[in-house]
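Engineer: need coordinates for the following:
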Amino acid sequence: MVSSQIFSASNLCSSSLRTVNAAIQLPKLPRLPNFSIPQLPNTTQQIIQDFNVSIDHNSIKLEQKINNNDRSNSINNKSNEIIKLYAVLEAVSDRIEMHHNIAEQRNNWNTLLLNSINMITLTATTMSGVAATAATTCSDSSLLALKLSSALLFSAATGILLIMNKIQPSQLTEEQRNATRLFKQLRSQIQTKIALGNTGEEDVKEAMEKVLALDKAYPLPLLGAMLEKYPAKFEPANWWPTSKKGKTQSKKMGKMSNGWSQDLEMEMREVVEVIKRKDSEDYERLGNIALKVNKSLAIAGPLLTGIAAIGSTFIGNGSSLAPFVPLLAGSMAAAVNTFEHGGQVGMVFEMYRASGGFFNLLETSIESTLGEKDFEKRENGELFEMKMALQLGRSVSELRELASKSASYRMEGVEINEFASKLF
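Structural biologist: Numbers count the residues shown, from 1 in each chain. Reported below is the predicted structural model:
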């Protein structure tokens, strides 16, 4: 009984405690978010370090901006140089078309003038023969008409022939052909530089100098600028600009590089000697022969037609030799003119002149390259050797064989019996 009362009392006490605990329990507050509060530097050294970092960051940005500006300026400069090269390329293409058209025109001149002069000369010769045959049978007025007609035709042939010999249409045609070929070569060089993209202001200047040098070497007009067709001495053509670069001497030679070696330099020097002793001398000799033949024929043709014109006026005066002079002179004049202009002796002379200029260009190119002592500024040695071999119509091994043969012959004191060029 007592225990049940005690148990009920304890239950009553525990329930009252729960009630009190429930009454005094506070509600849970919401959790506040975590705020990161920056820590302030505690020392002066930290402040200076942060300041230096900000300065370095700004300087890096400024340097990047300067580099970007320099890069954009260089790109703009390259684009301007490429535009200039395209402008030069357009001028070169126009000159190619001009020289090609004028070459065809002057070739037509040579054919038409030669046919016209020969027809006039042969007609006048025929009329002289008719006048000599009919001198005893026809009337004086008819004979006079034949004589005057023959003399006028011979005089016209003489005047036209003097003009034709002065301008030499066949030689003019060959000049324009050479100019067309050289301008095409220059066009290919400019296109290669543009394709490679490594262009500079020097490339533009060099291209313009080459164009002007070709214009001077092969002028288009006849009056005032025409090349001398009968010079006192044979001189090879010169269509490249004179180099104004001085020879640079490096303070320290060291080991050769950029594809060059001592053997390659000796090879190029031997090639130059062969070109000078054989090719250049031979074409100079042939050019002088062609020049003398052309001069003789240019004098003989008008002289013969002039003699025929004078001789035709004496037909029927009682002299037995009078009819033979215009007949023989007119026939010989037609033969001489055909040989001179039909055989295109002026064109042959111009061909020898251009060939001599080609060998001079090879000599100048090799000597100027070897004169540059800074090997990095030279053209690559292997590429240069290959170009020289191709221009001479040889393989690289044949070019080396020619150089070694020339060196051995020169040491023995014997003249080499081989030409450097196999092309012509």
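Engineer: what does stretch 213-230 contact?
Structural biologist: 95, 98-99, 102, 166-168, 171-172, 175-176, 178-179, 182-183, 186, 237-241, 291, 294-295, 298, 346 (Cβ atoms under 8 Å, 6 or more residues apart in numbering). C-betas here are computed from N, CA, C, even on glycine.
Engineer: quote the end-to-end distance of it.
Structural biologist: Separation of the first and last residues of stretch 213-230 by Cα to Cα, to the nearest Å is 22 Å.
Engineer: for it, which positions count as buried?
Structural biologist: The neighbour-count criterion (16 or more other Cβ atoms under 10 Å) identifies 213-215, 217-218, 229 as the buried residues of stretch 213-230.
Engineer: what helix or strand does residue 355 sit in?
Structural biologist: helix 345-371 (DSSP states H and E).
Engineer: what mean pLDDT does that helix get?
Structural biologist: Over the span of helix 345-371, the pLDDT mean works out to 94.
Engineer: which element is residue 104 on?
Structural biologist: Judged by DSSP H and E, residue 104 forms part of helix 44-133.
Engineer: list the buried ones in the helix or strand that that helix is followed by?
Structural biologist: For helix 44-133, the following helix or strand on the C-terminal side (DSSP H and E) is helix 140-167. Going by neighbour count (16+ other Cβ under 10 Å), the buried part of helix 140-167 is 143, 146-147, 149-151, 153-158, 160-161, 164-165, 167.
Engineer: and for stretch 350-358?
Structural biologist: For stretch 350-358, by 16+ other Cβ under 10 Å, it's 350-358.
Engineer: between these, which sits nearest residue 132?
Structural biologist: Nearest to residue 132 out of the buried residues of stretch 350-358 is residue 350 (Cβ to Cβ; 41.5 Å).
Engineer: can you pull the contacts of the residue nearest to that closest one when sequence neighbours are not counted?
Structural biologist: Residue nearest to residue 350 in three dimensions, not counting chain neighbours: residue 174, with 4.1 Å by Cβ to Cβ, 6 or more residues apart in numbering. Residues near residue 174 by Cβ under 8 Å, 6+ apart: 344, 346-347, 350-351, 354.
Engineer: got it, and residue 291?
Structural biologist: Here residue 291 is in contact with 230-231, 234, 349 (Cβ under 8 Å, 6+ apart).
Engineer: ditto for residue 337
Structural biologist: Contact analysis of residue 337 by Cβ under 8 Å, 6+ apart lists 114, 117-118, 121, 161, 301.
Engineer: ditto for residue 418
Structural biologist: 274, 278, 402, 405.
Engineer: same thing but at 7 Å, please
Structural biologist: residue 402 (Cβ atoms under 7 Å, 6 or more residues apart in numbering).
Engineer: mind checking the SS state of it?
Structural biologist: coil (DSSP: H, G, I helix; E, B strand; the rest coil).
Engineer: what are the phi and psi angles of it?
Structural biologist: phi -130, psi 140 (degrees, to the nearest 10).
Engineer: same thing with residue 314?
Structural biologist: According to degrees, to the nearest 10, residue 314 has phi -100, psi 10.
Engineer: with residue 386 instead?
Structural biologist: phi -60, psi -40.
Engineer: next up, the contacts around it.
Structural biologist: Per Cβ under 7 Å, 6+ apart, neighbours of residue 386: residue 396.
Engineer: with residue 235 instead?
Structural biologist: Contacts of residue 235 by Cβ under 7 Å, 6+ apart: none found.
Engineer: per-residue pLDDT, it?
Structural biologist: 92.
Engineer: in the stretch 151-300 of the chain, where is pLDDT below threshold?
Structural biologist: With pLDDT under 70 as the threshold, the stretch 151-300 of the chain has low-confidence stretches at 243-256.
Engineer: which parts of it are helices?
Structural biologist: Using DSSP state H, counting those that start in this stretch, the helices of the stretch 151-300 of the chain run over 169-196, 201-217, 262-274, 281-312.
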